[in-house]
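Engineer: Predicted model, plus sequence, below.
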Amino acid sequence: MLRLDDLEVFVNTADRGSLSAAARSLDISPALASAALKRLEDGLQLRLFARTTRSLRLTAEGEHYLRHAREAVRQLREGHEAIRQGQQELAGLLKISMPSDVGRNVLLPWLDGFQAEYPAISLQLFVSDRVADMYRQPVDLALRYGKLDDSSLVAMPIAPGNRRALVASPEYLRRNGSPSNLDELAQHNCLRFALDDMLYDRWAFPAQGKVVQVRGNRSSDDADLVRRWAVAGLGIAYKSRLDVTADLEAGRLRLLLPDVMGEEVPLQLVCMHRSQVTPVVIRLRDYLRARYEQLCETEA
C-alpha cells in the first residue's frame, strides 16, 4: 500500500533534484528520505531515479509516474484538509434524552469523549427513565432501549445486540445462594423496576419461552437505583447488560444463569425526522456505536 509521506519524498526529490534537499524541506533525515524512496520503488517495482555518486535524475518511468504522484499528493492533501475542516465545522447544540442508569454510568463518559473530540458541539442532557415525548418536549434526540412503538420515528442502532441479564452481588449470593434455574427466582428477593404506575414483576425470557413472576421488597422508577441495590447486596436484578458491564468487570456483580439468554433490549438513537439526521448526528451515532463495539471486544 502506497504511503502519502513516501509520495511526498518522491515529489520533493524530483522538484529539488536532491534527496538531501528534499529531506530538509520535509524536516526528516536523509536516511528516512532514502528509505521512503526505496519503499516506494519496491512497492511499484519500478526504478524512479537513476543514481550516481554525483547526480540523481528521473528515469523515463519516474518522469511518467511523477505526474500521477503529484496529482495524488494534491488530492490526498485536499482530502485531509476537508476532513479537518469538517471536524471543525461540527458545531451546534444537541438536546438529548437518555435513561437514568446507562445515561449516568455509560453514555455520560462516552459523550464526554465525543465532546472532547468536537468541542464546538454543546450538549443539553435530559436523564430520566420516562420515555420522552419528542413531539412535546424540547429534545432533538433520544437514546432508548427496546423496539420503537412509534414507527414514524427514525431509529439508528447503537447497541443492537444488547440483552438483559440476571445479576446479583457476591455478598447476596454468599447469604442466599445462586438460583440454578429460572423457577428458583421465586425463592429470591428480586429488585423490580416500576414506571408510570406499572410494576415490571414479570421477567420475560423469550429464548426459553418463559415469563417468570418475581417478588421482592424493593422497587423503583429509577433504573440506576435498582442497579445500586443489586451492588449493595439487596437482591437479584434483571438489567440491561450494558448497564452492568462495569460492575461485572469489577466484580461488584456476578452474572447468574449465564446459559440463559435474556430479553433483547437494543439501544437506539432516535429522532423525529430524516431531516434531523445531520452530519453532527451521524458523527454522534458513529462515535457511540464504535464505543459500544469496543466494549464488546473487551468483554470477548
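Structural biologist: Right, received. Where do you want to start?
Engineer: all contacts plus neighbour counts: C-alpha atoms, from now on.
Structural biologist: OK.
Engineer: How is the chain divided into domains?
Structural biologist: For the chain, whose domains are defined here by automatic domain parsing, the residue ranges read 4-88, 90-141+276-299, 164-255.
Engineer: can you map out the strands along the stretch 101-250 of the chain?
Structural biologist: Remark: strands assigned in the stretch 101-250 of the chain by DSSP state E, counting those that start in this stretch are 121-127, 141-145, 154-159, 164-168, 190-195, 198-200, 202-205, 210-213, 219-220, 236-240.
Engineer: could you dump those strands to JSON lines with mean neighbour count?
Structural biologist: Supplementary listing: these in JSON lines, determined by neighbours: other Cα atoms under 10 Å:
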{"stretch": "strand 121-127", "mean neighbour count": "15"}
{"stretch": "strand 141-145", "mean neighbour count": "23"}
{"stretch": "strand 154-159", "mean neighbour count": "20"}
{"stretch": "strand 164-168", "mean neighbour count": "25"}
{"stretch": "strand 190-195", "mean neighbour count": "22"}
{"stretch": "strand 198-200", "mean neighbour count": "12"}
{"stretch": "strand 202-205", "mean neighbour count": "17"}
{"stretch": "strand 210-213", "mean neighbour count": "14"}
{"stretch": "strand 219-220", "mean neighbour count": "17"}
{"stretch": "strand 236-240", "mean neighbour count": "25"}
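Engineer: And the helices in the stretch 151-300 of the chain?
Structural biologist: Under the criterion DSSP state H, counting those that start in this stretch, helices of the stretch 151-300 of the chain are mapped to 170-176, 223-231, 241-250, 279-299.
Engineer: right, so these: which one is the most enclosed?
Structural biologist: Between the helices of the stretch 151-300 of the chain, the one whose residues have the most neighbours on average, counting mean count of other Cα atoms under 10 Å, is helix 223-231 (a mean of 22).
Engineer: Run through the neighbouring helices and strands of it.
Structural biologist: The criterion is 3 or more Cα pairs under 8 Å, 6 or more residues apart in numbering; DSSP states H and E, and the helices and strands that helix 223-231 contacts are helix 100-102, strand 164-168, strand 190-195, strand 236-240.
Engineer: May I have it as CSV, with CA atoms only?
Structural biologist: Listed in CSV are the C-alpha atoms of helix 223-231, where the atom choice follows Å, rounded to 0.1, in the frame of the first residue of the first chain:
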residue,chain,number,x,y,z
ALA,A,223,-33.1,2.0,36.9
ASP,A,224,-29.9,3.3,38.4
LEU,A,225,-31.3,2.9,41.9
VAL,A,226,-32.2,-0.8,41.1
ARG,A,227,-28.7,-1.4,40.0
ARG,A,228,-27.3,0.2,43.1
TRP,A,229,-29.5,-2.0,45.3
ALA,A,230,-28.1,-5.1,43.5
VAL,A,231,-24.5,-3.9,44.0
